[in-house]
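Novice: model this:
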Amino acid sequence: MLAPLVLVACSSGGGSPGGGEGRSTGATGSATSGPAPDTSSGIEDTGDVEADPARLPTSRGEALDLIDRVIADPASFGPDVTRRNPYESDPATWPVLGTDCVWEQQKPLSSVLATRSRSFEVPATAGKGPVRLSAVVTVHRSREGAQWEMAESVEETMRCPTQQLQQGELIGSLVAATLPQGDSGQVNSADALTEIGQYKSSTLGGPFPYVWQQAQTLQFTVAVTGKGAKGRTEEELDGLTNQAQAAMLLRLKSAVEKQS
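Specialist: Next comes the predicted model:
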């Protein structure tokens, strides 16, 4: 687990167990909230990614093309991972955590060029339940928009100690840790956030381990979610999500960095 610079600990507030698809990314507020879009062309390089301005998306179509090249597929997590149905989210929506601590789909913020999530599963085997996984890539109009999304994600953990994902599916006992680039060996992104806790499902039971990772570089955020099940260990969940997150960050770097 990441060594935290900013640590937020929350205990579960109880409630009914849940089941369904999980959180993809943090985005509090309506489509008109958040920072004003920055349409300037001078986006600074961040960390070890020396971006080519010509390779940074400036339109929705370019952003969706980049997402398709970056977002995880089943092999990104490792063997035995399969697609869930539905596999991809509607790119015209993204998840928003309401004031009632319930996640719902809304229109993306005006600062977002495009976003998309995918759902996966490690199927159940003898004595082990199915592991539910997801991946999301969001392209903001500016680096500031991506940074704002990261900051709101930390606030959500403090505001909502228990969160309802979909009907019949809850996460709680959440602990969030942020790790900026250069601290404790974190070199893969400008900023990284990990949230761990417990996951309960009305169909699968629980509590089981839960992990959510999000990273920001330039105007992009990438995130993965893992929800445990009977017979699955925290180490197994960490291995799956760490591998997919690293794969997406590597693809992102390759997609936007200057060519030698």
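Novice: Just want the phi and psi numbers for the spatially closest residue to Val70 that is not a sequence neighbour.
Specialist: In this structure, Val70 finds its nearest non-sequential neighbour in Arg251, 4.5 Å apart by CB to CB, 6 or more residues apart in numbering. All C-beta atoms are positioned from the backbone trio N, CA, C, and that covers glycine. Per-residue torsions, Arg251: phi -60, psi -40 (degrees, to the nearest 10).
Novice: next one: Pro57
Specialist: Per degrees, to the nearest 10, the backbone of Pro57 is at phi -70, psi 140.
Novice: Over to Thr162?
Specialist: phi -130, psi 140.
Novice: And the pLDDT for Gly182?
Specialist: As predicted, Gly182 sits at a pLDDT of 48.
Novice: meant to ask about Asp68, not that
Specialist: pLDDT, Asp68: 97.
Novice: Can you give me the distance of it to Gly61?
Specialist: Asp68 sits 11 Å away from Gly61 when distances are taken as CB to CB, to the nearest Å.
Novice: likewise Pro53?
Specialist: Pro53 is 18 Å from Gly61, by CB to CB.
Novice: again with Ser201
Specialist: For Ser201 relative to Gly61 (CB to CB), the value is 37 Å.
Novice: Within the helices and strands, which one has Gln166?
Specialist: Gln166 is part of no helix or strand when elements are defined by DSSP states H and E.
Novice: pretty sure it is touching Trp103, no?
Specialist: Yes. With contacts counted by CB atoms under 8 Å, Gln166 reaches Trp103, the gap being 7.4 Å.
Novice: how many neighbours does Gln243 have?
Specialist: For Gln243, the count of nearby residues is 17 (other CB atoms under 10 Å).
Novice: Could you list the buried residues of whichever strand or helix holds it?
Specialist: Using DSSP H and E, the element containing Gln243 is helix 234-256. For helix 234-256, burial by neighbour count (16 or more other CB atoms under 10 Å) applies to 236-238, 240-249, 251-253, 255-256.
Novice: Looking at Gln166 and Trp103 now, which is surrounded by more residues?
Specialist: Trp103 (24 against 17).
Novice: beta partners of that one?
Specialist: Residues in a beta bridge with Trp103, per DSSP bridges, are Leu97.
Novice: That one contacts Thr162, doesn't it?
Specialist: No. Counting by CB under 8 Å, Trp103 sits too far from Thr162 to count as a contact (11.8 Å).
Novice: would you say Arg84 is within a strand?
Specialist: Yes. Assessed by DSSP: H, G, I helix; E, B strand; the rest coil, Arg84 belongs to a strand.
Novice: What count of nearby residues applies to it?
Specialist: Counted with other CB under 10 Å, residues neighbouring Arg84 total 16.
Novice: go on, Pro207?
Specialist: Counted with other CB under 10 Å, residues neighbouring Pro207 total 17.
Novice: what's the spacing between the host helix or strand of it and its chain's center?
Specialist: Pro207 belongs to strand 205-217 when elements are defined using DSSP H and E. Computed by CA atoms, centre = their mean, to the nearest Å, the chain-centroid distance of strand 205-217 equals 9 Å.
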